[in-house]
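Q: Got a sequence here, can you build the structure:
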Amino acid sequence: MERLLENKVCIITGAAQGIGKGIAERFAADGAIVYACDLREGSMDEWAKVCSEQNNTRVIPMYFDVADAPAVKNALMAIFKAEKRIDALVNNAGVVFNKKIGMIVRQETELMFRINVIAVIELVQLCSRLMARTGGGSIVNIASVTAVLGSPGQSAYSATKGAIMSFTKSAAKELASQGVRVNAVAPGIVKTERFAELYESDGAKIDQRISRIGLGRLGTPEDIANACAFLASDRASYISGQILGVDGCASI
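A: Predicted structure coming up:
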């Protein structure tokens, strides 16, 4: 069976759990050399070994804070030095604080923008330069359907994801001449550890939102991973500057 990402060097941030872990596992199954990045030291070591063996590829854990610019630069340069290229980057790392207007905390909002927006811009700047040296590559940013549809209690978070959508479109136009494609995937409600926390806080509200999903179910990390794998692959070689909603036909 064809593997979409055979021998492609791919970097995934926020890979220790949830959507990021699902993306890393899908990329490994598709034959990619996966650099799985996260903040928590040692959190992926054993999983990476198992994932490598199961998929006959290399899954390499790396630990750094995406908001630490020097650490990010050191990590990317180490990967490029070891592999001589970077083919794909998935900017998945993010934080969310759900607060209604009137309860929004400036410190939390600043952290969301620092992780969800500024870190992404810096990663794209650094990685695109390295990709351009070897003919180009693919960058996939994780946005959110909330940036398009809105979501009560997520105004500040939605603002960060709206920024990512705008940045994705502009970056795609700037980097096209260098062979670097930039797209975004906008998930709807995805069943992850974070979803469990949201459900505990307001299960009735979540049930109401699920009832308005056209396809009648929650998304899974695999659903998001499938979209990312396609956009990172050569099958999407003429696709750039797009926001792909993976939300089950959500109406809210």
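Q: Tell me how many other residues surround L126.
A: Residues lying near L126 (other Cβ atoms under 10 Å) number 19. The way it works is simple: take the backbone N, C-alpha and C, and place the C-beta from them, glycine included.
Q: Not including adjacent chain positions, what is the nearest residue to it?
A: Leaving aside its chain neighbours, L126 sits nearest to L76 (5.2 Å; criterion: Cβ to Cβ, 6 or more residues apart in numbering).
Q: likewise S151?
A: Nearest one to S151, counting by Cβ to Cβ, 6+ apart, is S158 at 6.1 Å.
Q: pLDDT at that neighbour, what is it?
A: S158 carries a pLDDT value of 97.
Q: Enumerate the positions of the one helix or strand it maps to that are buried.
A: Element membership of S158 [criterion: DSSP states H and E] is helix 155-175. Within helix 155-175, the residues that count as buried by 16 or more other Cβ atoms under 10 Å are 155-165, 167-169, 171-172, 175.
Q: And for stretch 11-20, what's in contact with it?
A: 21, 23-24, 27, 34-40, 43-44, 61, 66, 76, 79, 86, 88-94, 123, 127, 142, 187, 190, 192-194, 221, 224-225 (Cβ atoms under 8 Å, 6 or more residues apart in numbering).
Q: From the chain's centroid, how far away is stretch 43-50?
A: 19 Å (Cα atoms, centre = their mean, to the nearest Å).
Q: average pLDDT across that stretch?
A: Rounded mean pLDDT across stretch 43-50 is 98.
Q: How about stretch 31-38?
A: 98.
Q: same deal with stretch 170-186?
A: pLDDT averaged over stretch 170-186 gives 98.
Q: Show me the contacts of stretch 11-20 that map onto helices.
A: 21, 23-24, 27, 76, 79, 123, 127, 193-194, 221, 224-225 (DSSP state H).
Q: centroid residue for this protein?
A: N92 (2.3 Å; Cα atoms, centre = their mean).
Q: ok, of the ones in helices among the contacts of stretch 11-20, which one's closest to N98?
A: Lowest distance from N98 to those (Cβ to Cβ) belongs to R194, with 9.9 Å.
Q: any idea how far S128 lies from E193?
A: When distance is defined by Cβ to Cβ, to the nearest Å, S128 is 31 Å away from E193.
Q: Show me which of those two is the more surrounded one.
A: Legend: neighbour count by other Cβ under 10 Å for S128 and E193, higher for S128 (21 against 9).
Q: Is it correct that the more buried one is in contact with V180?
A: Yes: the pair S128 / V180 is scored as a contact, 4.8 Å apart, by Cβ atoms under 8 Å.
Q: which residues do those two both contact?
A: Joint contacts of S128 and V180 (Cβ under 8 Å, 6+ apart) are 137, 139.
Q: still on that earlier bit, what pLDDT is listed against the residue nearest to the centre of the chain?
A: In this model, N92 is scored at 98, pLDDT.
Q: By residue count, what's the longest strand in the chain?
A: strand 180-187 (DSSP state E).
Q: List the neighbouring strands of that strand plus their orientation.
A: Strand pairing for strand 180-187, determined by DSSP bridges: strand 137-142 (parallel), strand 243-246 (parallel).
Q: So what touches stretch 101-114?
A: Residues outside stretch 101-114 that contact it (Cβ under 8 Å, 6+ apart): 67, 94-97, 99, 155-157, 160, 163.
Q: And stretch 147-165, by the same measure?
A: By Cβ under 8 Å, 6+ apart, stretch 147-165 touches 91, 94, 96-101, 104, 108-109, 112-113, 116-117, 120, 141-144, 146, 184, 186, 243, 245, 250-252.
Q: quick one: L218 and I142, what's the gap?
A: Taking Cβ to Cβ, one finds L218 at 17 Å from I142.
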